Structure formats: C-alpha cells, structure tokens
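J.: sharing a model prediction with you, sequence too.
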Amino acid sequence: MVCEQGTCAWETPEQTGDKPCGRSGHTLSVVGRRAFLFGGCADEDGNPVYLNDTYALDLASGTFGWQKLEVEGKVPAPRWRHTANCISASSLMIFGGIGEKTRYADCAILDTESEVPTWQDPQPQGMGPSPRSYHTATKCGERVYIFGGYGGQGMRRQNFNDLHVLDVTNNLWVGSVEGSELPEGITFDAKDGGIVCEGTPPCPRGNHTTSVIERKFLLVMGGRDTGRYLDDCHVLDTETFSWTQVRTNANPMAPVRLCSHVAEGLESVPSYKLFCFGGQTGNDKVRTEWNYRNKVDVLDCASMSWLSSPGVVTGTPPPPREDTAWAFDPKAAKLVLFGGWANDWLDDLHMLDVSGIVGPPYAVQALVPNEGPMTGKTEIIIKGLEFTKGKIIVKFTDGRNEETSEKADYVSPTEIRCLSPDWSKYNPGEVDVRVSIGGEGLTVNKIKWNYYVNTKPQKCVAYGPGLFEKGGVWGFPSVFKIQAKDTSGRNRSSGGEAHYWVCKVTSSEGEDLDVKILDNADGTYDVLYIPKCSGSVDISVAYDDPVQNGVIPVRGSPWTSSFDNPWTKCKMQGTVPKVQLGMQATTLMKRLVLWGGGPGVHILDGDQLKWETPEVEGTAPVDRVGFTMTTLDNEKMLVFGGQKPPPIPEGDEEPPEVPAADYDDVAVLVCEKGTWKWLPSPDVQGDKPAIKARHTACLIPVGKKVIVFGGIGADGVRHDDLHVLSAQNPAKMEWLHVPNKVIEVTEEAPA
C-alpha cells in the first residue's frame, strides 16, 4: 500500500523467524533498526500466564524476522501491563507492571548492543513510585515521566494521578534527592510521593495513554477509573510542571470514551501529530456496554483538533483489539504494532505508514510567486521551516503527472530558490509542490502552484489616458493599463509577468522616458511615465514571448500622445511687492502672506489674484532674515528667531560673511475680519531655546504645537536640538525641550 500525501496506510507484512506467541499487555520498543518485545500475558494450556521473554524484530532487511533473544543479567520477573521506553541509541528500560499476585515498582534496563543482550538493575536514587500497573511512562528529553496507574503498597489497591520523574542521565527520582532541583514553587510530596504540579491534574486513572507533543508537553488521554470510561485530555508542561494547555488552544476531548488503547505523538513540521488506535470503548456509567475499536484517530497539535477527513487512513486495518503494543520506526516512518486482546490473545503484525502525514523534518509554507506560465522557468522562492543544505528535489504534481524543477538551491533555513518546470504538455491549473532534501521524504503539507495558459501578446490590449491622442499637460504622471490575455483570448486573472512586458516611451526629441510597470496581480498592469516638455511622445507596448521567441507588440501598438504646457501666465492686480533678501511666505486660507527682509506685510488674494500691502496695527518685530514663519490656524501665523539682514555690498565688494543668529523672540500676526495686526509680545514660559536662525519649524495642529529643529546659534555653530512651543493661547505660550535620544535599530534575523 502506497502512503499518499496527507494520509496514512495500513500494511500487514508477513512475519518470519521465531514468532512470539499471541499475547496482550506486552511492550514494544524500537531501538536502532530492531523492535524489542518484552513480557505480556498469554495462554498456556488454557490458562493465562505472565511472560518475561524478550524478542527482537528485524526492521532493516524487509523480511520482518523474529528472533527470541537469549539474555543475561538480572532478567525482570514475568509481568504484563508494564511500560517500556527507548532511553538511548542501544538500550531500553521497563518499569512496573503486574505479575503473579504482585505489582512492581522496579526498573530494568536492557543493553541491546552487548554480544549477548544483558538486563541491568539501575536502582535509581530517591523515592520512586509505589508498585503499579496500567500506568504510563513517557520519555521526554532525558527524563521518563510516570503518571497514574492502578496499584499500591501491600494489599492496598487504588487508581493514581501522581507524577514521578526519573532522570535517566543521573539515575535518580527528580525532587526526592539533592541535586534534582524543581522549578520555583514546585514541590515533592515526601509522604505520598510524587511531584506536586501547578494547575488541576487529571482525575486518578489507569489504562490511559500519555504522549509527547510539541517537544515539551505531555498529553494524557482517556483511560478509566473504577466506575467509568474517560474521554478527557490533559496537558502537562514539563518545563514548568504545570497542568495547562498548548498555546491558546483548548485541550481536545478524546475521540470517544476509551481505555487500553495506544497513542503516539510524532514530531512533524510545522507541528506534532498524535496517532491513537484501538482500545476498549463504552458508556460513561454502564461498564457492561462496551466494544473493541480498530479506528485510527489523528490529532493535529497545532490546532488541537482531530483530523476528520474520511480518507485519512487507507489500507486494511487490524481487527479491533485492546492491550496491544506499538512503537515508531523513524527510518521507515511507520508505527509497528503487534498482538493484543480481543476475546483471545493475538499474534499478528501490522504497520501503519504515517509518512504521508508526518513527513520529513522540514516543511513548505508558501510560494512567492504562487503561479506562472505553462512554459515554466519562473523563479520561485519557497518559504518554509527547517531547510538544510543537501541535494534538493522540488516536484510539481497534479496527482497524475509530475515534473521536477531543473534547478533548486538552498538559500537559508526558511528559503529555497527554484525554477518552475515546463508544464506545457499537460493541462493548466493547480498543482502540489513538494520538497525533498538530502534523500529524506517529500513534504506532506499541500502548497499550491498555479500554471496558467501563456499570455498571447497579439490578443492583449492597452488602454487609458496615457495613450490618448491628447494626453494633457507635461510634468505630471501619465498612466495607462495593460490587460493580459491568454491564447484563447480570455482575460488573464493573475499576474507575475511584469518582467516580460516591454514598454517604451520616446519624446519628439528622441529621448527615452523612464517607464514604471506595476503588477496588479489580477492580469492587469499599470504603466506610468512622466512627459518632460510640450510636444508628442511615441508609446510602444510589447511582450517578450518565450513561446514565440520574440518581442511581440500588443494590439494597437504603437500610439502617439501630445502634451501641453501646464503653466498659464496669470494677469495680476495690484502692486507686486519687490523681492527682498530673506523674505518668507506662508498661507492663511486662500491668501499668500509675505514678510521679512524689508518693510511691510504683503498679501496675495488667491481668488482675485490681487496683491495688496495692508496697514498693519501693532508693533512689528524687528526686520530680519533666516527666521521661520508658521501658520497657526485660519487667522494667525507665528514668527520665531532669525538674524539681522546682512549689509548689501556695493560695486565690486566681496559679499559680507553671513552673520550669526540674533533673535530668540516670538511674534504673532493676526488677520481678524480683514484687519491685520501684530499682537503684543506674548508671555513665553518654559525651557526657551537659544538664539537661532536658519532653523526649521512646522505645526502640529492637534494642540497647536510648533516644532522647531536645528539652526545656527549666536556663536555661528550649527545645532541639532529639538524644541516644542505650545501655542494654543497666543498670549501665553510655553517652550518644551525634547532631549536627544539615539534609538538603535537592528535587523531582525529571518524567522
């Protein structure tokens, strides 16, 4: 059975060699390229018997041959419903379980690389769990987390919800001995044993599962207590020892009320996937109404939701069962399952190929651009996660046809650059893009690339004001639009071809003007140019067609457009003021106001195009240059700073040096109902700026604040200080000094 993208598939390989007998409550652990089976409960002459035999299943050769191992060392006592974990590249560890009239709390480690596999008794330091079975033991990092189960000391029997953590590296029970520190606020219960975590723990239970998700979280799912089947899920953060949730997503419910099932959290990019299989399910209250399951449920740990597509699992599933065992083979991306119980002990072997869902240790997230012509050769940036250097293969497939990019290069851990392959012998439309790096499997998340029918320049059109015979006036942008069409004459609905368009605008003097082309990503392109003078321009629009191997004009090209002078000489009324050195201008409504460098205020009425020099009441500021004049509102303008006008040289005299600043005063000119007047000198408080000239100033309308920056001081030195003048009340203003601050801007590393 082939595992398709986005699915997992059941396989039933033929077993060879010395096959184990049917059993349940055993464990299966993948260490290297072998799966090790230990213990369980089986039939012997019609009676159940506990086992402590060890088998190895060959996963490398493809023969799936079993070998019963002759082992040395302190072999664990016969048991079932124990747990096992691969704790290194060559060893596994079992814990607990139930045997003949006893439950266990011991650990045993099997060294699988010894010439003869050897069992060892590690005897961890500190206070470990009480004897139990039906618990879970889950390796996360270098620690094994034991949660829940059923058992107790002596004849006492109970369901547990305590947590114990074994530090594999240091061989000690965390929290119970010195040198095994817990996070602040987390304690170890020396009386009853176990780590006291934050948050609300799951209720006591057994026959549940605990799986690693998102690298640091443990997800406890289902199980049963003495009176009911459970369907809840709980998440433990192993870094903070708190019962919590992953990100902001609520913890899911189990697919159904179930116990004695198996579950495995598998690392996938961009998020973990959790696979759940089999078990016993029933009602909340009635323990007599139950049945076995053989369904696979898949939890997406990014959204904490169960995948619901009916085609997620393919192939022939194993018969329904409980108390089975499975383990993940990372090389083959398969979950290996053996045995179990369904009113009899089972000895069958099944494999669930999850490569179509889990995928390789990298993922594709987006394509830029995400479409291109059928002829290919469009440069694409593939955005993703965890890319590495190595041989990169990028495949484009629609499910029936497949092409491979002829060029693909590693750029960074989040980017790959490639060229789209030629798709012209197939139909246009969407295809999936999948990536393989260094011989790993292809990515499984579906990222779409759209192949569109190639643009046919003979069918394309251009239109808009920039092509009109009378184009308007020169000096302003002139725009027209290109509508791309495919070979059938239909409007293109996607962009990505701006580099194929060849637009040329030439003036009557033979000068080629700058042309900008904007891709609207909808099949249209905006073209902009700016004529520089009166006269005509010639405009040509063509497409550099990779199919026809030439630059082909669109329909109607070329065009000629003429442009007039935008300037109109106006007839002015009144006496035009004499231009004075240092004269400044600002606007009050539709009036232009000039002052400085000489006597008087000069006004240009924008409606009547009439100059006047009105009588101005009040005392005018001392004549000056190098000041700023800023409009405050519709009636007022403000003058600040400046310097005395320099003497005018006579004859061949050298121009005098520009004097330093002379003034730091503030003056306000007002026009009220046609009457112009200088207001009395305002009361200005605050941190007054130094004398300055040739500075800049502008108004912030909200609150009428004038910003003053820089300039030259009385000592002739340039300044870079910033001041704010609060001018909401013209009679009483206040200076606010803004201290200089340097903000360092650093580039963020790519995500």
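T.: Sure, I can see it.

J.: beyond the helix or strand of the chain with the lowest mean pLDDT, next helix or strand please.
T.: Between all helices and strands in the chain, the lowest mean by mean pLDDT, DSSP states H and E belongs to strand 371-373, at a mean of 86. Using DSSP states H and E, the next helix or strand after strand 371-373 towards the C-terminus is strand 379-385.

J.: which parts of that next one are buried?
T.: Ile380, Ile382, Lys383, Gly384 (16 or more other C-beta atoms under 10 Å). C-beta here means a position set from N, CA and C on the backbone, and glycine is covered the same way.

J.: pLDDT for those residues - can I get that in a markdown table?
T.: Formatted as a markdown table, these follow (pLDDT from 0 to 100):
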| residue | pLDDT |
| --- | --- |
| Ile380 | 95 |
| Ile382 | 96 |
| Lys383 | 95 |
| Gly384 | 92 |
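
J.: identify, from the residues you listed, the entry nearest to Gly523.
T.: Comparing the buried residues of strand 379-385 against Gly523 with C-beta to C-beta places Ile380 closest, at 19.4 Å.

J.: where does pLDDT dip in the protein?
T.: 1-5, 154-156, 284-288, 308-309, 651-653, 655-659, 741-751 (pLDDT under 70).

J.: residue ranges for the helices of it, please.
T.: 355-358 (DSSP state H).

J.: contacts only, for Cys197.
T.: Going by C-beta atoms under 8 Å, 6 or more residues apart in numbering, Cys197 touches Leu163, Ile186, Leu236, Phe241, Ser242, Trp243.

J.: from these, which land in strands?
T.: Counting by DSSP state E, the contacts of Cys197 place Leu163, Leu236, Ser242, Trp243 in strands.

J.: count the neighbours of the closest residue to the second one other than its chain neighbours for me.
T.: The shortest distance from Leu236 to any non-neighbouring residue, by C-beta to C-beta, 6 or more residues apart in numbering, is to Leu218 (4.4 Å). Residues within reach of Leu218, counting by other C-beta atoms under 10 Å, total 22.

J.: identify the residues contacting Leu218.
T.: Thr138, Cys140, Tyr145, Phe147, Thr210, Ser211, Val212, Val235, Leu236, Thr238.

J.: again, only this time at 7 Å
T.: Going by C-beta atoms under 7 Å, 6 or more residues apart in numbering, Leu218 touches Thr138, Cys140, Tyr145, Thr210, Val212, Leu236, Thr238.

J.: now Leu346
T.: Contact analysis of Leu346 by C-beta under 7 Å, 6+ apart lists Gly22, Arg321, Gly339, Gly340.

J.: which secondary structure elements does the least confident helix or strand of the chain contact?
T.: With contacts defined as 3 or more C-beta pairs under 7 Å, 6 or more residues apart in numbering; DSSP states H and E, strand 371-373 has these neighbours: strand 447-452.

J.: tell me which strands and helices the strand it packs on is in contact with?
T.: Applying 3+ C-beta pairs under 7 Å, 6+ apart, we find strand 447-452 packed against strand 363-368, strand 371-373, strand 429-437.

J.: in its sheet, what does it sit against?
T.: Take DSSP bridges as the rule and strand 447-452 pairs in its sheet with strand 371-373 (parallel), strand 429-437 (antiparallel).

J.: which of those strands sits most buried?
T.: strand 371-373 (a mean of 23; mean count of other C-beta atoms under 10 Å).

J.: which residues are in contact with it?
T.: Contact with strand 371-373 is made by Thr378, Ser420, Trp449, Asn450, Tyr451, Tyr452, Asn454, Ser494, Gly496, as judged by C-beta under 7 Å, 6+ apart.

J.: cool, stretch 63-72 as well?
T.: Residues lying outside stretch 63-72 but in contact with it, judged by C-beta under 7 Å, 6+ apart, are 13-20, 53-58, 116-119, 349.

J.: can I get it in PDB, CA atoms only?
T.: Coordinates of each C-alpha in stretch 63-72 appear next as PDB, following Å, rounded to 0.1, in the frame of the first residue of the first chain:
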ATOM      1  CA  THR A  63      12.000  -9.800   6.000                       C
ATOM      2  CA  PHE A  64      10.400  -8.900   9.400                       C
ATOM      3  CA  GLY A  65      12.100 -11.800  11.000                       C
ATOM      4  CA  TRP A  66      11.600 -12.500  14.700                       C
ATOM      5  CA  GLN A  67      14.400 -13.800  17.000                       C
ATOM      6  CA  LYS A  68      13.900 -14.900  20.600                       C
ATOM      7  CA  LEU A  69      16.800 -13.500  22.500                       C
ATOM      8  CA  GLU A  70      19.000 -15.400  24.900                       C
ATOM      9  CA  VAL A  71      19.600 -12.700  27.500                       C
ATOM     10  CA  GLU A  72      21.900 -12.400  30.500                       C
END
